[in-house]
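S.K.: 3D model of this:
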Amino acid sequence: MIDGPASNRPEECDKDAAGSRSLRWVLSTLLMLATSQPLQAQDILHYLPEDALGFVLVRDLAGASEKCEHLIEMFDLPLPAPLTSISFVTDLSDGLDLDGDVLISLIPGERDSSAPEPLVLLPIADYKKFAASIHCDDSGEVCRATIVGEDVLVARHGPYAMIMNVENRETLEILADLEPEQVALLEPVAGWLRDNVVTIAVMPAGLERLLKLGQWLTEQRQATDDELFDLNVSATLVQMQQAITLYHTLHDMFGTKFELLAGGISIDEASNLRLGLRVLSEELLRASATTKTTATIPPAPLAGYPDQPFVFAGGGPLDGNWANLFVKTGVQMMRETPDAYGYEEFQDEQWQDLETSFMNFAEGMRFASVIMLPGEKGEPLVGNVFGTAQVKSAVQYLQTPKKSVEIVNRLTDESTSDLRWHYEVRDIKVGEAKACEVVADIAAAARDPNVPIFNWMLEAMFGKDGKMRTLIVAADKETLVYGMADEQRITQVIDEVKRSEMGLQNSASLQTTHKLLTPAAAWKFYVSPQGCVTWAKRVMDELFGQIQQQHTEIPEYDAGPPVGISLHIDEGQAELDVVWPVDGLRALADYVEKCRGL
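M.R.: Below you'll find the model as predicted:
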């Protein structure tokens, strides 16, 4: 008998079979281990094209919908849950991962003049079910489908379905083949982006387009004859131009291009609401070193103010680059609407003088705080504003306002404003403390003998003589106390500040908000809705009560924690946050219900 091939021998076949079984066992074990610990899905932003103009990101569809639904119920709004609305309108539900994220981005068209192209990424749990629901190929290749009555292109990319317009097949094919990778620009705000429920961001290419759009809108308005041009179109251009005014203001203020402008909304598990703005800029990176204060910031900036109702309060440093930051921001915003001040004919030199006058006030200051109280019946409506400041020499600082007032008075004479009041500064004493008083005779500039009611309104706003007074007092060697009030009232504030009692700073209501703000933020402000309503009621009663001969029906606002605002600049990033604690939201909801019952 002729032996067959060695591999056909019984003993060899047994060995091969055993080896094959061993190999299959190893492979199956590795597969089982791999599937027992699923790999963490790539963040959806890793699929964002680097040249994107901007994007809208929604985190955790179901979770975001549940949080929004809770707020809708709190305010008793006649709105359905967001996820229910989306499912109804789009008829997209089968195969979607409702715990996943959604990304809508705009990418440049083929030419600079082309309109941006939308790219949508949807989280997918079962692609076959999803494909069946929109009647397209379930292979994941680029194919045509119909969503909400529109023909689109759909392709699978990892755990997401990518959707674009039908004319963008080539672009979608390229994007579907790209490996997911984190966009380096977004790394500094990665944690913030994870925490937000919704984020709207504009990327560098989008910011560049905003500048061009702003220039075009300005040219269109200048070339438009409102009598001949369609009023609706003209109004739309105005609204669009106003929408990008903030960006122009920030751009001119820093004199540089921004890398990112992003706004976000987050709602934590306790339903505390946070609105955030993030700005990334190389100029901020350089400026952040100088905005870091060298002064000793009081651990309790509102110490010395008693625990009482207020309209707003806050504080922060003014040394380093902070004063320059605030002054430039304020002047630039005035330059956006110069006709409101009679400055429409000002040249660059005059604007620089105005900036200098403001900087004089901040000269030598290391820290400042401010508080506005609702005030009592009969007190001037424009008043009850007090503050403290740390300076190198309180007595020397008292000469500073004179330099600023001289500049402001000259610029007032050079303006086109019909209301040309001048400021006067005189040295006085408050008790034994040296002080100065800054007075503006508003009534003398604005009083109209032919309109008695208007004159009465001026008295209600500024007092019987119609003069606006600000007292600045050297409370001790390095502390100033200022206020828009009489000597008796500011003396009380000086005594309170000297006692340095924690009062308002340690109140349970303010601390509820304080704990939600960024701990490292240099500037923190608090706005009391209750105080705002109390002051607004005073305004309505004292300004219009005499005309209507009756008091305005404004409900009382129940006590609750204030709204918090913080500003922080560090490592090339500006962080502005507004927080509204859940107890404050409930108080607001109760107030809305009271207003509905009127």
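
S.K.: can you tell me how far Ser139 sits from Leu122?
M.R.: 17 Å (C-beta to C-beta, to the nearest Å). (C-beta placed from N, C-alpha, C; glycine too.)

S.K.: again with Asp101
M.R.: Going from Asp101 to Leu122 by C-beta to C-beta gives 9 Å.

S.K.: quick one: which of Ser139 and Leu122 has more around it?
M.R.: Neighbours per residue, other C-beta atoms under 10 Å: of Ser139 and Leu122, the larger number sits with Leu122, 24 against 12.

S.K.: who's in contact with the more buried one?
M.R.: Applying C-beta atoms under 8 Å, 6 or more residues apart in numbering to Leu122 gives the contacts Leu92, Leu96, Gly100, Val102, Phe130, Tyr160, Ala161, Ile163.

S.K.: Let me know the closest of these to Val493.
M.R.: Nearest to Val493, judged by C-beta to C-beta, of the contacts of Leu122 is Val102 at 52.1 Å.

S.K.: bridging residues for the residue lying closest to that closest one once chain neighbours are set aside?
M.R.: The shortest distance from Val102 to any non-neighbouring residue, by C-beta to C-beta, 6 or more residues apart in numbering, is to Val58 (4.5 Å). Under the criterion DSSP bridges, Val58 forms beta bridges with Val102, Val198.

S.K.: pLDDT score for Val58?
M.R.: Listed pLDDT for Val58 reads 94.

S.K.: Burial check on it, number of neighbours?
M.R.: 19.

S.K.: One more: the one 4 residues further on?
M.R.: Counted by other C-beta under 10 Å, the residues lying close to Ala62 total 14.

S.K.: ditto for Glu150
M.R.: 10.

S.K.: likewise Ala184?
M.R.: Ala184 has 8 neighbours, counted by other C-beta under 10 Å.

S.K.: And the pLDDT for it?
M.R.: So Ala184 comes in at 90 (pLDDT).

S.K.: Distance check, Leu260 against Ile200.
M.R.: Distance from Leu260 to Ile200, by C-beta to C-beta: 11 Å.

S.K.: the more surrounded of these two?
M.R.: Leu260 (21 against 15).

S.K.: Could you verify that that one is part of a helix?
M.R.: No - per DSSP: H, G, I helix; E, B strand; the rest coil, Leu260 lies outside any helix segment and is strand.

S.K.: ok, now which ones touch it?
M.R.: Neighbours of Leu260 in contact, by C-beta under 8 Å, 6+ apart: Leu185, Leu186, Val189, Ala201, Val202, Met203, Pro204, Arg278, Val279, Leu280.

S.K.: my read is the fourth one is in a strand, agree?
M.R.: Yes - with three-state DSSP as the criterion, Ala201 is assigned to a strand.

S.K.: hang on, it packs against Leu45?
M.R.: No - at 9.7 Å, Ala201 does not count as touching Leu45 under the criterion of C-beta atoms under 8 Å.

S.K.: residues shared between the contacts of these two?
M.R.: Common neighbours of Ala201 and Leu45, using C-beta under 8 Å, 6+ apart, are Phe55, Leu57.

S.K.: For whichever helix or strand Ala155 is part of, which helices and strands make contact with it?
M.R.: Using DSSP states H and E, Ala155 maps to strand 150-157. Applying 3 or more C-beta pairs under 8 Å, 6 or more residues apart in numbering; DSSP states H and E, one finds that strand 150-157 makes contact with strand 143-147, strand 160-165, helix 169-177.

S.K.: Next, the angle from it to helix 169-177.
M.R.: 30 degrees (axes from the mean of the first three to the mean of the last three C-alpha atoms, to 10 degrees).

S.K.: what does strand 150-157 rub up against?
M.R.: Residues contacting strand 150-157 (C-beta under 8 Å, 6+ apart): 47, 121, 124, 127, 131, 134, 136, 140-146, 161-166, 168-169, 172-173, 175-176.

S.K.: Show me which of those residues are buried.
M.R.: Neighbour counting by 16 or more other C-beta atoms under 10 Å classes 47, 121, 124, 127, 131, 134, 136, 140, 142-143, 145, 161-164, 168, 172, 175-176 among these as buried.
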